[in-house]
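Undergrad: Any chance you could fold what I've pasted below:
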Amino acid sequence: MNQTASTATPLIRLEGLSKVFHTDEMETHALSGITLDIASGEFVAITGPSGCGKSTLLSILGLLEPSSAGRYLLEGHDVGNLGLRRGAQVRNGQIGFIFQAFNLIADLSVEENVALPLTYRDGVDANNRRQRVREVLELVGMSHRGRHYPGQLSGGQQQRVAVARALVNDPSILLADEPTGNLDSRNGEAVMQLLEQLNDNGTTICMVTHDQAFARRAGRTVLMLDGRIVDEDTFERMRHEDDMPQLEVVS
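TA: This next block holds a predicted model:
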């Protein structure tokens, strides 16, 4: 794993980031005051219990939803308040996604699924598109399955195709949301090894996972509880308190 942190401007900088969801009855503070730097070439794992805000944080990093407060700098540029069109352009050009549920289109072949992000980029002709698709499928070990459809692949193979699709635009950062969550242990290990290999080759990765063993294999682990980043001592203390049996109060 590439654990070398750059002394230059970080690839991602979050400053006091917060996210509040409003409903008719109440407001939910999903994130509170998140401050985080991710350097180019890092492999960062964000982990914590369900409902701690880690997937919300990844959605904001991926420009899938805006923050309520704070700043989000990507390669030194404030991207926190881009409009829908400009945000989509930045997302397609600089951010690659891997989802827990793969999100492949069933009636498109492997090659067509991987090529899909390139269809939204200007200046990429059909020959260059085919060449790039072949390159990334070979990188993830799926070049022999290009003409197959998602339903003909195992879960692990589908996730490899999803990784190839995320890489096809040569993004600045790869965001992975529970990439092993829908896989058995063998296929989960294979996907984790692939991510480690990509990071060794220079790909910046930010991965959300509930799996502590996989989180520890990243270059850096970020712990979250109740919408905040906490240190290890606080994380263990609060998790222990949550596990303590509650005494029944008898009046």
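
Undergrad: who's in contact with stretch 50-70?
TA: 12, 14-20, 30-31, 33-34, 46-48, 72, 79-82, 87-88, 90-91, 95, 97, 173, 175, 177-178, 206, 208, 210, 224-228 (CB atoms under 8 Å, 6 or more residues apart in numbering). C-beta here means a position set from N, CA and C on the backbone, and glycine is covered the same way.

Undergrad: Kindly check the end-to-end length of it for me.
TA: 24 Å (CA to CA, to the nearest Å).

Undergrad: next one: stretch 62-81
TA: 13 Å.

Undergrad: Now do the strands in the stretch 1-150 of the chain.
TA: Along the stretch 1-150 of the chain, counting by DSSP state E, counting those that start in this stretch, strands occupy 12-22, 27-38, 43-47, 69-74, 77-78, 95-98.

Undergrad: now for the first one, which elements pack on it?
TA: What it means is strand 12-22. strand 27-38, helix 54-61, strand 69-74 (3 or more CB pairs under 8 Å, 6 or more residues apart in numbering; DSSP states H and E).

Undergrad: in the chain, which spans are helices?
TA: Assigned helices in the chain, in chain order: 54-61, 84-94, 110-115, 126-139, 155-167, 185-200, 212-215, 232-243 (criterion: DSSP state H).

Undergrad: didn't residue 188 look like it was pressed against residue 180?
TA: Yes - counting by CB atoms under 8 Å, residue 188 does reach residue 180; the two are 3.6 Å apart.

Undergrad: Quick check: neighbours shared by those two?
TA: With CB under 8 Å, 6+ apart, residue 188 and residue 180 have common neighbours 211, 214.

Undergrad: Which of those two has more residues huddled nearby?
TA: Set residue 188 next to residue 180 and count neighbours by other CB atoms under 10 Å: residue 180 wins out with 25 against 21.

Undergrad: Run through the residues that contact that one.
TA: Counted by CB under 8 Å, 6+ apart, residue 180 has contacts 159, 187-188, 191-192, 209, 211, 214.

Undergrad: what separates it from residue 208, distance-wise?
TA: Using CB to CB, to the nearest Å, we find residue 180 at a distance of 11 Å from residue 208.

Undergrad: before we move on, what about residue 112?
TA: 27 Å.

Undergrad: More neighbours: which of these two?
TA: Comparing residue 112 with residue 208 by other CB under 10 Å, the one with more neighbours is residue 208, at 26 against 16.

Undergrad: wait, what's in contact with that one?
TA: Taking CB under 8 Å, 6+ apart, one finds 45-47, 54-55, 57-58, 176-178 in contact with residue 208.

Undergrad: So what sits opposite it in the bridge?
TA: Judged by DSSP bridges, the bridge partners of residue 208 are residue 46, residue 177.
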